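1. Need the 3D shape of this:
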Amino acid sequence: MVNLLISKMIICLSVFFQAIGKCLVLCWLMKWCRCCLVVLILVELIMYFFARVL
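-> Model prediction:
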């Protein structure tokens, strides 16, 4: 049970950091900062959903 919880948390964090990384790259290369903010908000909502489910 605890291992499952930890693995879910690790997956959440890896997805979160990947999203931030892609966002920063897009923002830097293409000046898509507004798009970046939308993605970050979506990621926050997903993290909140996972926290509620867990």
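2. what's the single longest helix in this protein?
-> If you go by DSSP state H, the chain has its longest helix at helix 2-30.
3. other SSEs contacting it?
-> helix 33-53 (3 or more Cβ pairs under 8 Å, 6 or more residues apart in numbering; DSSP states H and E). In this view, the C-beta of every residue, glycine as well, is placed from N, C-alpha and C.
4. Need the mean per-residue confidence for the helix it packs on.
-> Summarised as a single mean, pLDDT over helix 33-53 is 76.
5. mind listing what the residue sitting nearest the centre point of the chain touches?
-> Central residue of the chain (Cα atoms, centre = their mean): residue 16, 2.4 Å from the mean position. Residues in contact with residue 16 (Cβ atoms under 8 Å, 6 or more residues apart in numbering) are 43, 47.
6. tell me the contacts of residue 43?
-> Taking Cβ under 8 Å, 6+ apart, we find residue 43 in contact with 15-16, 19-20.
7. mind running it again at 10 Å?
-> Neighbour list for residue 43: 12, 15-20, 23 [criterion: Cβ atoms under 10 Å, 6 or more residues apart in numbering].
8. Return a PyMOL selection command for the buried portion of those residues.
-> To isolate in PyMOL the members of those that are buried, counting by 16 or more other Cβ atoms under 10 Å, one can use:
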select buried, resi 12+16+19+23
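9. Dump the contacts of residue 43 into a markdown table; add distance to residue 5 as well.
-> As requested, those are exported to a markdown table (distance: Cβ to Cβ, whole Å):
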| residue | distance to residue 5 |
| --- | --- |
| 12 | 11 |
| 15 | 16 |
| 16 | 16 |
| 17 | 19 |
| 18 | 21 |
| 19 | 21 |
| 20 | 23 |
| 23 | 27 |
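10. No further queries at this time; thank you.
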